[in-house]
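Q: quick one, fold the following:
(2 chains)
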Amino acid sequence: MDIHQTRRRRVLQTGGGFGLMAALSAAGFVVPKAALAEWNKAAFEGKTVADAMKALGATSPAASGEVQIIASDIAENGAVVPIQVVSRLAGTQQIAVFVEKNPNVLAAVFDVGPDLAPDFTTRVKMAESSNIVVLVKSAGGFATATKEIKVTLGGCGG
Amino acid sequence: MDRREFLNVVAAGAAAGFAFPAREAAAQQQAADIYDAPAFGNASLLHFTDCHAQLLPVHFREPSVNLGVGDMRGKPPHLVGDALLRHYGLAGGSRAAFAFSHVDFERLAPVYGKVGGFAHLATLVKRVRASRPGSLLLDGGDTWQGSATALWSKGQDMADAAKLLGVDVMTLHWECTLGQERVTEIAEKDFAGKIEILAQNIRTADFGDPVFEPFTLRTINGVRIAIVGQAFPYTPIANPRYLMQDWTFGIREESLQAAVDAARAAGARAVVLLSHNGMDVDLKLAGRVRGIDAILGGHTHDGVPVPVVVDNPGGRTLVTNAGSNGKFLGVLDLDVGAGGVRDFRYRLLPVFAGLLPADPEMDAHIAKVRAPHLAKLGEKLAVSEGLLYRRGNFNGTFDQLILDALMAEKDAEIAFSPGFRWGTTVLPGEAITMEHVLDQTAITYPYVTFAEMTGEQIRLVLEDVGDNLFNPDPYMQQGGDMVRVGGLAYRCDPTAAMGRRIGDMTLRGRPLEASKTYKVAGWAPVAEAARDAGGEPIWDLVARHLRRRKTVAPPKLNLPTLSGVEGNPGIAP
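A: Below is the predicted model of the structure:
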């Protein structure tokens, strides 16, 4: 039943987190820290999605069906909400994740190298039900996708 | 077959299954005929769901309030009472009307008797399977929880009963509240090589790896069929997450589509989803996921006599829901050709204990698991003068009794009780036994809570639970009923947006103040901290209260004043 997970855990244990990261880095999958873009202070301190997007250089970007947010409609735990973002836009360079109702709306920015598939999973914290907005910067400009995730007190089901 | 022919077949199937005569006497004479369900096609699936561990026959009153909002308004399963009878052409007073609706429940219950019971279900299963060689028996989940003996044996009585019944495949919800270790233990020890647990939407919380197989391929009379499993998507939200903390759930449409595609690629000529989504979620999902021929659904406890046919980009999907508490056995007969499903018949057969002799082997098993507990189960706590039931969107009379007990025993001004949809019915004049109380309360987190809450906090709780029931998007619903409320009067508009459904909250005639604190009792907390705080099991509190009262007058229901539901056929006038 848990063949897959056992196998994967063993790989991680024997490989060791550090070694694996080093291998990925050497293969060009993870960009070395020195090459990372500067911390965008203005974007991460933005209080509204519009302000934070502006700080990332985007004004009123259009929604795109090529950007997909995969996440549960109701969060199991608002403190740790898994979110997967997939971009099928050619030349995707950057993916930003916003939680509309969080005090600081920008949760994460991924700078995407040319050899990396633009398919990320991250976890965000949400105090209340909110839209998740994703901004993708690609060769064709900026595009967004939006998904509502509900945070509930729980109980009472069934 | 075009759409019109397809629907005619549905209608024919319905007529064949429900040709009940109008008069009760005639109905009883012809009672045996209702189980003469001629076999059809070349691959049959039998389905029961949400029996909630009721091994013995029970009374179960169907809801008189089951509101549909938004696109679901007035559509199955959101029809009750006479509207339901009219929709399906069921004659008032007939056996079918008694099984599928609440109409005349008190009058008809003594006439038609109890329903369900595993020994009677076993007889029906054997009978139906005799004319359907190779058929599969599917268990939709909520099988290991809901009774005293299931709680005390950690689901063992039900796991053994499922094996005896001949279950082939099952999926999960309340089973998980026995703890993920216990579920794994039954899957790997008791069920190994016998019953396959399927759930495409349960993954490990760390890496998102599958915990169970997503689907199984079976061959029935040379026809390759896939059964895909869908557990209740919101188990760690509706129930305590700490009981299944390494597992994550969700609807997971994308991986469901992938499972259906993989099953087709592996040669499945028909694909059936064994679902614990709840009917509204299944109806939405059926319009979006391609390649599923039928959804055999549960969770919302809707006894739906005729499948709903949903169009989607890949074709058509039948959506069914097979009720609860062992009342029904669904029988789906498929005629599958080289190109897929050509035709079908569906019947939802009510299990009338009085018409089906008990299967001796199952009967012996039930007697054995109950024997050590008979004295405790049978203790008569009080006599009920009125009908005690739970099911319905708002307070049922048994909930009211629990709320009254909570307020009295904890000296609280307000009480909350969860909107569970399980729990059996007690007829007027019957003794309320300890077993009845446990039928309403047997969970692994039964702790009574007592808290000081502000008026604003109370409002937020009501809004939150109201949205879990009445959100117009089915994917945002959890499938329970509204939290039962004692002491506090309120207004509810199910059709309003979240934050605006609840209003006019008053306590003893005075408006609830947002910043003032109130004494609130409850039970079944989902937070881990509440478990660690302890708290008396609710059944002990209710039993103590009943022993003192001795006789229980019909409880006065504390129902909200409803608005926005005028003319809605989901509420009986």
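Q: count of neighbours near residue 130?
A: Using chain A. Using other C-beta atoms under 10 Å in any protein chain shown, residue A:130 has 22 neighbouring residues. (Glycine included, C-beta is placed from N, CA and C.)
Q: that answer is for a different chain, and I need it for chain B
A: Residue B:130 - counted by other C-beta under 10 Å - has 10 other residues nearby.
Q: what sits against it?
A: Listed by C-beta atoms under 8 Å, 6 or more residues apart in numbering or on different chains, residue B:130 has no contact partners.
Q: against residue A:150, how distant is it?
A: Separation of residue B:130 from residue A:150 (C-beta to C-beta, to the nearest Å) stands at 47 Å.
Q: kindly report the same for residue B:571.
A: Residue B:571 is 26 Å from residue A:150, by C-beta to C-beta.
Q: over to residue A:111?
A: Counting by C-beta to C-beta, the gap from residue A:111 to residue A:150 is 30 Å.
Q: what's the answer for residue A:47, then?
A: 22 Å.
Q: between the two, which is the more surrounded one?
A: Shown here are residue A:47 and residue A:150; by other C-beta under 10 Å, residue A:150 has more neighbours (24 against 12).
Q: can you map out the helices along the stretch 201-350 of chain B?
A: Taking DSSP state H, counting those that start in this stretch, the helices of the stretch 201-350 of chain B run over residues B:235-238, B:253-265, B:279-286.
Q: redo the ones you listed as TSV? Include mean pLDDT, distance to residue B:547 and mean neighbour count.
A: Listed next are the helices of the stretch 201-350 of chain B as TSV, based on pLDDT from 0 to 100; distance: least, C-beta to C-beta, whole Å; neighbours: other C-beta atoms under 10 Å in any protein chain shown:
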stretch	mean pLDDT	distance to residue B:547	mean neighbour count
helix B:235-238	96	32	28
helix B:253-265	97	49	18
helix B:279-286	98	39	26
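Q: quick one, which of those helices gets closest to chain A.
A: Using C-beta to the nearest C-beta as the measure, helix B:235-238 is the one of these that comes nearest chain A, at 2.2 Å.
Q: that closest one: how far from the chain's middle?
A: 15 Å (C-alpha atoms, centre = their mean, to the nearest Å).
Q: what sits up against it?
A: For helix B:235-238, using C-beta under 8 Å, 6+ apart, the contacting residues are A:74-77, A:152, A:154-158, B:172-173, B:176, B:232, B:244-245, B:247-249, B:478-480, B:526.
Q: what distance do you get for the residue nearest the centre of chain B to chain A?
A: By C-alpha atoms, centre = their mean, chain B has its centre lying nearest to residue B:301, at 3.2 Å. Distance of residue B:301 to chain A, given as C-beta to the nearest C-beta, to the nearest Å: 9 Å.
Q: can you report how many residues lie near the residue lying closest to that residue once chain neighbours are set aside?
A: Closest residue in space to residue B:301, ignoring its immediate chain neighbours: residue B:324 at 3.8 Å, by C-beta to C-beta, 6 or more residues apart in numbering or on different chains. Residues lying near residue B:324 (other C-beta under 10 Å) number 29.
Q: quick one, domains of chain A?
A: Following automatic domain parsing, chain A resolves into domains at A:3-34, A:37-151.
Q: any bit of the last one sitting next to chain B?
A: Yes. When contact is scored as C-beta under 8 Å from any C-beta of the partner chain, part of domain A:37-151 falls within range of chain B: A:70, A:72-77, A:82, A:121, A:129, A:150.
Q: so what's the gap between that domain and the chain middle?
A: 6 Å.
Q: and the average pLDDT for it is what?
A: Average pLDDT, domain A:37-151: 94.
Q: for stretch B:474-484, same thing?
A: Mean pLDDT, stretch B:474-484: 92.
Q: output it as PDB, nothing but the C-alphas.
A: In PDB, the C-alpha atoms belonging to stretch B:474-484 read as follows (Å, rounded to 0.1, in the frame of the first residue of the first chain):
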ATOM      1  CA  PRO B 474     -21.300  22.300  -4.100                       C
ATOM      2  CA  TYR B 475     -17.500  22.000  -3.900                       C
ATOM      3  CA  MET B 476     -17.600  24.400  -1.000                       C
ATOM      4  CA  GLN B 477     -20.100  22.300   1.000                       C
ATOM      5  CA  GLN B 478     -19.200  19.700   3.600                       C
ATOM      6  CA  GLY B 479     -22.400  17.700   3.500                       C
ATOM      7  CA  GLY B 480     -23.600  17.800   7.100                       C
ATOM      8  CA  ASP B 481     -26.700  19.600   8.200                       C
ATOM      9  CA  MET B 482     -26.900  22.900  10.100                       C
ATOM     10  CA  VAL B 483     -25.500  22.900  13.600                       C
ATOM     11  CA  ARG B 484     -28.300  22.300  16.100                       C
END
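Q: my guess is residue B:216 contacts residue B:199. True?
A: No. Residue B:216 lies out of contact with residue B:199 (C-beta atoms under 8 Å); the separation is 11.5 Å.
Q: nearest to residue B:401, out of the helices of the stretch 201-350 of chain B?
A: Residue B:401 lies closest to helix B:235-238 among the helices of the stretch 201-350 of chain B, at 23.1 Å (C-beta to C-beta).
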